[in-house]
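# quick one: sequence and predicted model below, then my questions.
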Amino acid sequence: MILRRGNQARRTARSKAAPRFRLAMPDWKRWAPAVLVLGALLLAGAALRVALNQPLKRVAVEGRFQRVSPLDVEKAVRGVAGREGLVAVDLDAVSAAVRAIPWVDEASVARSWPNGLTVFVQEQRPVARWGETGLVNIRGERFVNDARHIPAELPELIGPPGAEALMTERYLMMQGRLVEAGMRLSQLRLDERGAWELVLDNGVALRLGRSHMDERFERFMASAARIVTTRATEIAYVDLRYANGFAVGWRTARSGAAPGAVSRG
């Protein structure tokens, strides 16, 4: 009994003095399954991309066309896409090529599986002429410089280069008010000194000058508009460059009113 207890005590002492060590699993073995799964997914994705990257065979062009030819749109698309597959084609580059076509305002491009592209085109909407042959859109961007066919109803904007956006904004604001009063603007002028002048479709000119544009226009609408609408054939111009009134320039002196007489508004 004494011997057995002694042996047991020695074993216990050895186990406390020299603890056992286990070999740790290398890191690469723990990460290997995840790496294999990721590799398989990448290979599957590459295979799917190759399978989907079919040659471009069909271009569908949508929109309402008056000035733009759908055939020109398709030519622009194919010129950029070339022999690229449907997945590889750069949609932004295709859209930019379509927008470069005259009279195209906006263009959006989408893939149409399995081998086509759909292009939606929005044409420019001219709101005014710029000089004799230019055209501007509702944002005041000049998109045509030498238009051959210009709608007769468009007003003409005449001003220094770079003033397109400002003059378009002014025109749109004034035209709505004038139409409500039974008149229309046919020409808007801005000279090099910054002086504004409007010409109505009845031939009457409104001289607004270089400052207080909004105030002077409102004065015309409140006080002089009714005179112009009733006696347009007799009036050459309305000069609103006064602090508290306006002057009417008559084509012929009539009803005791002399040319250039000032009316207090």
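Yes, it's here.
# ok, the nearest residue to residue 141 once chain neighbours are set aside - contacts?
Nearest residue to residue 141 in three dimensions, chain neighbours excluded: residue 164, at 6.9 Å (CB to CB, 6 or more residues apart in numbering). C-beta here means a position set from N, CA and C on the backbone, and glycine is covered the same way. Shown in contact with residue 164 (CB atoms under 8 Å, 6 or more residues apart in numbering): 130, 136, 140-142, 157.
# taking those residues, tell me the two that lie furthest apart.
The two members of those with the most space between them (CB to CB) are 141 and 157, at 12.5 Å.
# of these two, give the one with the bigger neighbour count.
Between residue 141 and residue 157, counting by other CB atoms under 10 Å, residue 157 is the more crowded of the two (26 against 14).
# what sits against that one?
128-131, 136, 164, 167-168, 171, 187-188.
# strand partners of the helix or strand where it lies, parallel vs antiparallel please.
Using DSSP states H and E, residue 157 maps to strand 156-158. Its sheet considered, strand 156-158 pairs with strand 128-130 (parallel), strand 185-190 (parallel) by DSSP bridges.
# could you export the helix or strand following that strand as CSV, CA atoms only?
Per DSSP H and E, the first helix or strand lying C-terminal to strand 156-158 is helix 164-180. C-alpha atoms of helix 164-180 as CSV (Å, rounded to 0.1, in the frame of the first residue of the first chain):
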residue,chain,number,x,y,z
GLU,A,164,-28.6,83.2,-72.9
ALA,A,165,-29.7,81.7,-69.6
LEU,A,166,-30.4,85.1,-68.0
MET,A,167,-32.5,86.3,-71.0
THR,A,168,-34.4,83.0,-71.2
GLU,A,169,-35.3,83.3,-67.5
ARG,A,170,-36.5,86.8,-68.0
TYR,A,171,-38.5,85.9,-71.1
LEU,A,172,-40.3,83.0,-69.4
MET,A,173,-41.2,85.2,-66.5
MET,A,174,-42.5,88.0,-68.6
GLN,A,175,-44.3,86.0,-71.2
GLY,A,176,-46.6,84.3,-68.8
ARG,A,177,-47.7,87.7,-67.4
LEU,A,178,-48.2,89.2,-70.8
VAL,A,179,-50.3,86.3,-72.1
GLU,A,180,-52.6,86.7,-69.1
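# now the angle from helix 164-180 to strand 185-190?
140 degrees (axes from the mean of the first three to the mean of the last three CA atoms, to 10 degrees).
# circling back to that earlier point, starting at the chain centroid, how far to the strand holding residue 157?
Relative to its chain's centre, strand 156-158 lies at 23 Å (CA atoms, centre = their mean, to the nearest Å).
# doesn't residue 206 lie inside a strand?
Yes: judged by DSSP: H, G, I helix; E, B strand; the rest coil, residue 206 forms part of a strand.
# and it, how many residues sit next to it?
25.
# now residue 180
Residue 180 has 10 nearby residues by other CB under 10 Å.
# how close does it sit to residue 232?
In this view, residue 180 and residue 232 are 17 Å apart by CB to CB, to the nearest Å.
# how about the secondary structure of the residue nearest the centre of the chain?
The C-alpha lying nearest the average C-alpha coordinate of the chain belongs to residue 106 (CA atoms, centre = their mean; 7.3 Å). Under three-state DSSP, residue 106 falls in the strand class.
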